[in-house]
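A.B. asks: Could you work out the structure for the sequence below:
(2 chains)
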Protein chains: 2
Amino acid sequence: MKRSTFLLIGVTTLAGAVVFTATTSRQASAQEAAPIFVKKIPPGYRDWKVVSVAHEAGELNDIRAVLGNDIAIKAYREGKLPFPEGAIVGRIAWSYVASEENNKSFGRDQSFVAGSPTDSYLQFMVKDSKKYAATGGWGYSSFDKDGKPTNEAAMKTCFPCHQKVTDRDFIFTRYAP
Amino acid sequence: MKRSTFLLIGVTTLAGAVVFTATTSRQASAQEAAPIFVKKIPPGYRDWKVVSVAHEAGELNDIRAVLGNDIAIKAYREGKLPFPEGAIVGRIAWSYVASEENNKSFGRDQSFVAGSPTDSYLQFMVKDSKKYAATGGWGYSSFDKDGKPTNEAAMKTCFPCHQKVTDRDFIFTRYAP
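C.D. replies: This next block holds a predicted model:
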């Protein structure tokens, strides 16, 4: 009896340890690995409606359109926060180029237009509160001009920066009228 | 008889003069008056797809989105010129504003965003080869932030400038990938 009791305790302890390890590792993977990064470009994004436009100078040196899928646009227009499940906010960044042909027509140097796709051509934030709970309910993604995802080391900078606008549900861009 | 012949010639001449005057005046009105300017904002334009984005510096000092209705976007994507009947190309211009909130988050001055609507907030070119035959088949329109059409004197500068890109069917903006 003594021996079998010891065995039972041993098995129970082992089972507990396995459960504990599994839970911990599930949490760690939720916070650190794949789930915070979206690896697929949302289909049809180029047909989405405009949220706003912007120019990022300096190293980025791009001109960009921020677009939203229908769920995101509806929430933007109604001024509702947080964004509902399924909302996707995307941005397309083109190189910022002085337009010689426009300037020639206008007779003055004033026109800057969208050139070729940049190294971080496409970026999306996908709202899924459960899946991306560790990063404020948003999954982040970034793709170069060939549709290749940006390396994960660089992607780890997304959420820390977007946390600066937690009060706007982590979204920097405001809707342009 | 002499008298009635004279009268007949007189009437014929008068009739000819009336016909001549009417034709001339019809041509003049096609070229100068209302038909070249579109007075109504196309419904639903804010939902249209993006053609491209741009920044006009100098006096305009705006950042803009160029949009197209479905007919225009299809033609752009297929690279077909001239644009088909019913195509409308629009642009929304917002004031070009340095974003202090973005710059603060990024830790550097680099971000320029869309501010309030400009004095020439909305502009559209509407393709109707018959109606706007006198101006290359495009009707021009411009509206301020309250939806009020720009005065006709200013509107007369549209077509002469767009004639500089006759080989692109009078459209400056190229489609951004």
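A.B. asks: now the strands for chain A?
C.D. replies: A:49-56, A:62-68, A:88-98, A:111-127, A:138-143 (DSSP state E).
A.B. asks: Reformat those as JSON lines; add mean pLDDT.
C.D. replies: As requested, the strands of chain A are exported to JSON lines (pLDDT from 0 to 100):
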{"stretch": "strand A:49-56", "mean pLDDT": "98"}
{"stretch": "strand A:62-68", "mean pLDDT": "98"}
{"stretch": "strand A:88-98", "mean pLDDT": "98"}
{"stretch": "strand A:111-127", "mean pLDDT": "97"}
{"stretch": "strand A:138-143", "mean pLDDT": "96"}
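A.B. asks: which residues does the residue positioned nearest the centre of chain A bridge with?
C.D. replies: Taking C-alpha atoms, centre = their mean as the criterion, A:Tyr140 is the residue nearest the geometric centre of chain A, at 2.2 Å. A:Tyr140 has these beta-bridge partners by DSSP bridges: A:Phe37, A:Met125.
A.B. asks: so what's it up against?
C.D. replies: Counting by C-beta atoms under 8 Å, 6 or more residues apart in numbering or on different chains, A:Tyr140 makes contact with A:36-38, A:123-125, A:155, A:158-159, A:162. Just so you know, the C-beta spots here come from the backbone N, C-alpha and C atoms, and that holds for glycine as well.
A.B. asks: hang on, the earlier thing: of the strands of chain A, which approaches B:Tyr45 most closely?
C.D. replies: Nearest to B:Tyr45 among the strands of chain A is strand A:49-56; the distance by C-beta to C-beta comes to 10.5 Å.
A.B. asks: Show me the helices in chain A, by range?
C.D. replies: Applying DSSP state H to chain A gives helices spanning A:2-32, A:70-78, A:100-106, A:152-155, A:158-162.
A.B. asks: about what we covered before: please work out which of the strands of chain A is packed deepest.
C.D. replies: With neighbours taken as mean count of other C-beta atoms under 10 Å in any protein chain shown, these reach their highest mean count in strand A:62-68, at a mean of 25.
A.B. asks: That strand near chain B anywhere?
C.D. replies: Yes. Using C-beta under 8 Å from any C-beta of the partner chain, strand A:62-68 reaches chain B at A:63-65, A:67.
A.B. asks: gap between the nearest residue to A:Glu85 once chain neighbours are set aside and B:Ser120?
C.D. replies: In space, and not counting its chain neighbours, A:Glu85 is closest to A:Lys127: 5.9 Å by C-beta to C-beta, 6 or more residues apart in numbering or on different chains. For A:Lys127, the distance to B:Ser120 (C-beta to C-beta, to the nearest Å) stands at 36 Å.
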